[in-house]
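[1] Just a sequence and a predicted model for now, questions to come.
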Amino acid sequence: MLTSDTKFLEPELMDVVRLFDGAQEQDIAHTMRYTGDAFENTVTIGSRTRVFSDPAEVRGELQYKSLAKRYAKLALYAVLFEETGITLPWGALTGIRPTRLAYAELDEGRPFEPLFERMRVSPDNIALVRRVIAGQSGLYERRAGNCDLFVSLPFCPTKCEYCSFITAPIAATRKYLPDYLAALEEELAAAGPLIGNLRSVYIGGGTPFALEAEELERVLKAVAPLRTNGCEFTVEAGRPDTFTREKLEVCKASGVTRICINAQSFSDETLARIGRKHTAQAVRDAFALAAPYGFSVNCDLIAGLTGESFESFCASVDEAVALAPDNITVHTLCLKKGARLKEETSRLEEGRLSDMIAYSRAALTAAGYGPYYLYRQKYMAGAHENVGWAKPGTACVYNVDVMEEIADNLAVGANAVSKKLFAGGKRIERHGSPKDIPTYLAKVPQLIGERNALFTE
């Protein structure tokens, strides 16, 4: 149990506690005060009390809260490290976007590395952040009016064991598809006046290719009037067992420039274990089927899938590299509420998972890929991260904009979350649609009105 005399810090401190096995069962007391030139944090576990003082000059309430969170988490991390001997790859950083913190330091005219060292981030991860920032060169752009468009298609052939998204097997949700497609058309028609400089379009899921070709074509045609500048256009095609030549032809004819083939693993045993109804050969077949159309292709892999050995994961990385997609994304298993697998499944032998991550970084670097975005989530196995890797000149604009939160994001469909930036991105307001499809369908006119109000504020 953790208690703090500063209530807004408790959720932040719990994020640190969760990283250490067994810490949630301990009685931890925290107090903090700001002396006018330093933050003083006192942490007590059992009979041991430690006091930390971190000099800081505060300018305004927002900076006060930001620095208070930073130094409170660092103090707690230091104590839990002493108690357990456990070190974590991102140290006391619990935010989902380490690069945003790095950019904030650079904006202030300071190198980011000293702060990351202070937060006990590993040298390898400091180097990774440096590489990601370099990989975003030429794409990273903070300009008023920039916008990305996201279209949600929350339909899948089956639900994977690790999945916490709202998707359900399409056999159970197909009855909603006619009304759902009409709702997307209505939302997209209303979105035109709200979009400034459209940087990219991303149709995600779910598994968009779970739709039939003519259903997918309806969505792509509804997007077409908004994509007048020929910007990047991604369809997260998804699972290889949904690929057909007709769907690929529809994408090509509609101007799609990028697709995703979500392999997750090239081990048939692993695929069966996580609830996939396809084999590794189906992934290879999907690559071969897509090859003549000239799409830029991303392939997803997951490190830490249940029961997968280090050797099997490395073989998957090698096979993905051999297929030579433009982008390869390496996720770390993350189990949240809604996933069938229990959270403790993610408690992997840390050395094995760390070795998987290290192998993927070395193998992808050797094959000519560079990291261009990264993000983290709560409940990630080993407190690691997700990293997108790209061949030179093939990085995904949408991923950069969304992960760095540097452009408006107009999102339509069930469980879609729109984001509007204000004050140069210092303030972000969100608008979310219902997760449940029938509830979403009943509220489409209301959602359009609410989104219009946000984007014309």
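    Perfect, I can see it now. Predicted, not measured: the structure shown is a model, and the values here were computed from it.

[2] Let me see the mean pLDDT of the longest helix along the chain.
    Criterion DSSP state H: the longest helix present in the chain is helix 61-84. Helix 61-84 shows a mean pLDDT of 95.

[3] ok, the residue nearest to residue 3 when sequence neighbours are not counted - contacts?
    Spatial nearest neighbour of residue 3, excluding adjacent residues (C-beta to C-beta, 6 or more residues apart in numbering): residue 29 at 5.5 Å. Backbone N, C-alpha and C define where each C-beta goes, glycine included. Residues in contact with residue 29 (C-beta atoms under 8 Å, 6 or more residues apart in numbering) are 2, 3, 4, 43, 44.

[4] how about the helices of the stretch 1-150 of the chain, start to end?
    Applying DSSP state H, counting those that start in this stretch to the stretch 1-150 of the chain gives helices spanning 10-17, 61-84, 98-107, 113-118, 123-135.

[5] Mind listing what's buried along the fourth one?
    Buried positions in helix 113-118, judged by neighbour count with 16 or more other C-beta atoms under 10 Å: 113, 115, 116.

[6] again with the second one
    Buried residues in helix 61-84, defined by neighbour count with 16+ other C-beta under 10 Å: 67-81, 83.

[7] The first one now?
    Residues 10, 12, 13, 14, 15, 16, 17 are the ones in helix 10-17 that count as buried (16+ other C-beta under 10 Å).

[8] pLDDT weak spots in this protein?
    158-168, 335-351 (pLDDT under 70).

[9] Tell me who's in contact with residue 19.
    80, 86, 88, 94, 383.

[10] For the last one, list the residues it contacts.
    Contact criterion C-beta under 8 Å, 6+ apart gives 19, 88, 89, 90, 376 as the residues in contact with residue 383.

[11] and the gap between the nearest residue to the fourth one once chain neighbours are set aside and residue 74?
    Once flanking residues are discounted, residue 90 sits nearest to residue 121: 5.6 Å by C-beta to C-beta, 6+ apart. In this structure, residue 121 and residue 74 are 11 Å apart, going by C-beta to C-beta, to the nearest Å.

[12] Residue 418 now?
    Taken as C-beta to C-beta, the span from residue 418 to residue 74 is 34 Å.

[13] I figured the residue nearest to residue 90 hits residue 93, correct?
    Yes - if you go by C-beta atoms under 8 Å, residue 121 and residue 93 touch, sitting 6.0 Å apart.

[14] ok so, going back, now do the residue nearest to residue 90 against residue 77, distance only.
    Taking C-beta to C-beta, one finds residue 121 at 11 Å from residue 77.

[15] what do these two both touch?
    With C-beta under 8 Å, 6+ apart as the test, residue 121 and residue 77 both reach residue 91.

[16] ok, the host helix or strand of residue 235: who's next to it in the sheet?
    Here residue 235 sits within strand 232-238, counting by DSSP states H and E. Strand pairing for strand 232-238, using DSSP bridges, gives strand 197-204 (parallel), strand 258-264 (parallel).

[17] and the longest one, C-alpha only, in PDB?
    It stands for strand 197-204. Output of strand 197-204 as PDB, limited to C-alpha atoms (Å, rounded to 0.1, in the frame of the first residue of the first chain):
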ATOM      1  CA  ASN A 197      -3.000  20.600 -43.700                       C
ATOM      2  CA  LEU A 198      -3.600  16.800 -43.900                       C
ATOM      3  CA  ARG A 199      -0.300  15.000 -43.200                       C
ATOM      4  CA  SER A 200      -1.600  11.400 -43.300                       C
ATOM      5  CA  VAL A 201      -4.500   9.100 -43.200                       C
ATOM      6  CA  TYR A 202      -4.500   5.900 -41.100                       C
ATOM      7  CA  ILE A 203      -7.200   3.300 -41.300                       C
ATOM      8  CA  GLY A 204      -6.700   1.000 -38.300                       C
END
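
[18] What residues sit buried inside that strand?
    Buried, per 16+ other C-beta under 10 Å, within strand 197-204: 198, 199, 200, 201, 202, 203, 204.

[19] do you know how far the last one is from residue 259?
    In this view, residue 204 and residue 259 are 11 Å apart by C-beta to C-beta.

[20] okay, and the common contacts of those two?
    Joint contacts of residue 204 and residue 259 (C-beta under 8 Å, 6+ apart) are 234, 236.

[21] picking up where we left off before, tabulate the buried residues of helix 10-17 (CSV), appending distance to residue 132.
    What follows is these, written out as CSV (distance: C-beta to C-beta, whole Å):
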residue, distance to residue 132
10, 31
12, 24
13, 27
14, 27
15, 22
16, 23
17, 28
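
[22] Name the nearest residue to residue 88, ignoring sequence neighbours.
    Nearest one to residue 88, counting by C-beta to C-beta, 6+ apart, is residue 383 at 4.7 Å.

[23] which residues sit against stretch 32-49?
    With C-beta under 8 Å, 6+ apart as the criterion, stretch 32-49 contacts 4-6, 9, 26-31, 50-58, 64, 67-68, 71-72, 74-76, 79-80, 83.

[24] show me the contacts for the residue nearest to the spatial centre of the chain.
    The residue lying closest to the centre of the chain (C-alpha atoms, centre = their mean) is residue 375, at 5.4 Å. Contacts for residue 375 (C-beta under 8 Å, 6+ apart) come out as 96, 97, 385, 386, 403.

[25] hmm, try it at 6 Å
    Contacts of residue 375 were listed using C-beta atoms under 6 Å, 6 or more residues apart in numbering, and they are 96, 97, 386, 403.

[26] now do residue 314
    residue 359.

[27] any idea which element it lies in?
    helix 310-323.

[28] coming back round to it: how about the buried residues of strand 197-204 in TSV, adding distance to residue 269?
    Rendered in TSV, the data for these read as follows (distance: C-beta to C-beta, whole Å):
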residue	distance to residue 269
198	43
199	40
200	36
201	37
202	32
203	31
204	28
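
[29] so which of those residues comes closest to residue 307?
    Nearest to residue 307 among the buried residues of strand 197-204, counting by C-beta to C-beta, is residue 204 at 27.6 Å.

[30] Count the neighbours of the residue nearest to that closest one when sequence neighbours are not counted for me.
    Leaving aside its sequence neighbours, residue 204 sits nearest to residue 236 (C-beta to C-beta, 6+ apart; 4.4 Å). Close neighbours of residue 236, defined as other C-beta atoms under 10 Å, add up to 20.

[31] sorry, back to before: can you dump the C-alpha atoms of the helix holding residue 314 in PDB for me?
    Taking C-alpha atoms only, helix 310-323 is exported to PDB below (Å, rounded to 0.1, in the frame of the first residue of the first chain):
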ATOM      1  CA  PHE A 310      14.500 -16.500 -27.000                       C
ATOM      2  CA  GLU A 311      15.600 -18.600 -30.000                       C
ATOM      3  CA  SER A 312      12.100 -18.500 -31.500                       C
ATOM      4  CA  PHE A 313      11.800 -14.700 -31.200                       C
ATOM      5  CA  CYS A 314      15.200 -14.200 -32.800                       C
ATOM      6  CA  ALA A 315      14.100 -16.500 -35.700                       C
ATOM      7  CA  SER A 316      11.000 -14.300 -36.200                       C
ATOM      8  CA  VAL A 317      13.200 -11.200 -36.300                       C
ATOM      9  CA  ASP A 318      15.500 -12.800 -38.900                       C
ATOM     10  CA  GLU A 319      12.500 -13.900 -41.000                       C
ATOM     11  CA  ALA A 320      11.000 -10.400 -40.900                       C
ATOM     12  CA  VAL A 321      14.300  -8.900 -42.000                       C
ATOM     13  CA  ALA A 322      14.500 -11.500 -44.800                       C
ATOM     14  CA  LEU A 323      11.100 -10.400 -46.200                       C
END
